[in-house]
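1. please work out how this folds:
(one chain, ligands or ions: 1)
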Amino acid sequence: MRSAACSQRLRSNGSDDSFPCALCPGPSCLPYRLRRHRHTATLRLHFPAPARHFQSLNVDVGPQTTLEMNFFLETLKVLVLSIYYTFEPLFLWLLPSRRKNVAGEIVLITGAGSGIGRLMALEFARLGATLVLWDINQEGNKETRRLAKEHGAQRVHDYICDCSNRQDVYKVAAQVKKEVGDVTILVNNAGIVTGKKFIDSPDPLVEKTMQVNVMAHFWTCKAFLPAMMASNHGHVVSIASSAGLIGVNGLADYCASKFAAIGFAESIALEMLALGKNGVKTTIVCPYFINTGMFDGCASKWPQLLPILEPDYAAKKIIDAILKEQTYLIMPRSLYFVFGIRNILSVKLGLLLGDYLGAFHFMDRFRGRVKKD
Ligand SMILES: NC(=O)c1ccc[n+]([C@@H]2O[C@H](COP(=O)([O-])OP(=O)(O)OC[C@H]3O[C@@H](n4cnc5c(N)ncnc54)[C@H](O)[C@@H]3O)[C@@H](O)[C@H]2O)c1
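-> Down below sits the predicted model:
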């Protein structure tokens, strides 16, 4: 017997028996196709199994049986896919990877006036993107603009923007939309570090760290995500840090800001998926120390295991991850292993490993960038 609910749906949708159920997606629906060829197999093979498909076959299935079927089939599906996804990176590694074309995309980089912000801008310039450069440092930003033109950029727009200030972000964002257009690749890169023990960190600097390193990401996303969502096309890149995956002695506010930046970016990525906006991509970048000056004085205990990254190398790896639409990039590679095993180690073993890697003394000789007078 057809269930009352299903018959009601069929009546209200005017469907007839040649199409099994008004709610089914149509001939692409797996149970429908199976039914056409092996009527009796449908119940066994349906995958996944919402109750509507059983209703559509005029078979009364009690709610308990349906639940059990759903549990069994969904569990089977997860097991099969788990095996596939475990080996997928290997298949992808063997196959030549596809890279997206960013020519003509409008790329906004915050903190573009120096360091990896500038180097990413030069890479995007070579790839034919339209550049929108934001920095609080006008001189550095103008220099990036000049270099980007030298590297072949056709359209480069530089703006002074204090990313720690919500009103300033919204004001400059409105100016960009009017003068350049909708940003399609947003790179949240601007960052600062206090570099002091937490107790010695002045409150305004702690607040500033949170404002630049994470809150700015909220405001830039508020400003630029809606257009990406409307066209289901875009990319949000978060330059976080390996210090956003593990606490570091002497970097309390910085770590807190980077943990928050990662949590925010991951949540935005999930929100896009849940809303069906799978054309809006996310890349979260977690590098170890990069030799840009930001962490001058910091040293690696075992450079052969944890090398300090060269800025050019880091920028190229980030651009590559963006072009491959990679969700996470952790550098150097050895850190994938460290973070992979971290959660299964006992606390004492974790501390032993941290001590071995020099994690308790990373910041001992921190100078940071020496400011010009
Ligand atoms: N250098 C490293 O070792 C390292 C390691 C991991 C992650 N990171 C992250 O990478 C990003 C870039 O770092 P970098 O090494 O190129 O540093 P950097 O100091 O060379 O560049 C940071 C840029 O951000 C700009 N900026 C600072 N405050 C701003 C504000 N309020 N508004 C707008 N712009 C502002 C600065 O003027 C500068 O141009 C940062 O987010 C940093 O936390 C750096």
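
2. tell me which element residue 119 falls in.
-> If you go by DSSP states H and E, residue 119 is part of helix 115-126.

3. and what of residue 72?
-> Applying DSSP H and E, one finds residue 72 within helix 63-94.

4. CA-only coordinates of the following helix or strand past the helix holding residue 119 in PDB, if you can.
-> Using DSSP H and E, the next helix or strand after helix 115-126 towards the C-terminus is strand 130-135. Only the C-alpha atoms of strand 130-135 are listed here, as PDB (Å, rounded to 0.1, in the frame of the first residue of the first chain):
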ATOM      1  CA  THR A 130      43.800  42.300 -10.500                       C
ATOM      2  CA  LEU A 131      45.400  43.300  -7.200                       C
ATOM      3  CA  VAL A 132      44.000  45.200  -4.300                       C
ATOM      4  CA  LEU A 133      46.600  45.900  -1.700                       C
ATOM      5  CA  TRP A 134      45.800  46.900   1.900                       C
ATOM      6  CA  ASP A 135      48.200  48.000   4.500                       C
END
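
5. who in the stretch 101-250 of the chain is up against the ligand?
-> Remark: the part of the stretch 101-250 of the chain in contact with the ligand comprises 110-111, 113-117, 135-137, 140, 161-164, 189-192, 212, 239, 241, using C-beta under 6 Å from any ligand atom. (C-beta placed from N, C-alpha, C; glycine too.)

6. quick check on those residues: which are buried?
-> 110-111, 113-117, 135-136, 140, 161-164, 189-192, 212, 239, 241 (16 or more other C-beta atoms under 10 Å).

7. quick revisit: centre of the chain to the helix holding residue 72, how far?
-> 24 Å (C-alpha atoms, centre = their mean, to the nearest Å).

8. hmm, who's touching the helix or strand following it?
-> Using DSSP H and E, the helix or strand that follows helix 63-94 towards the C-terminus is strand 106-110. Residues outside strand 106-110 that contact it (C-beta atoms under 8 Å, 6 or more residues apart in numbering) are 117, 120-121, 124, 129-135, 161, 163, 176, 180-190, 216, 220, 224.

9. now a ChimeraX select for only the buried ones of the residues you listed.
-> Only the buried members of these end up in this ChimeraX selection, burial being decided by 16+ other C-beta under 10 Å:
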select :117,120,121,124,129,130,131,132,133,134,135,161,163,176,180,183,184,185,186,187,188,189,190,216,220,224
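
10. if anything else comes up later, I'll come back, but that's it for now.
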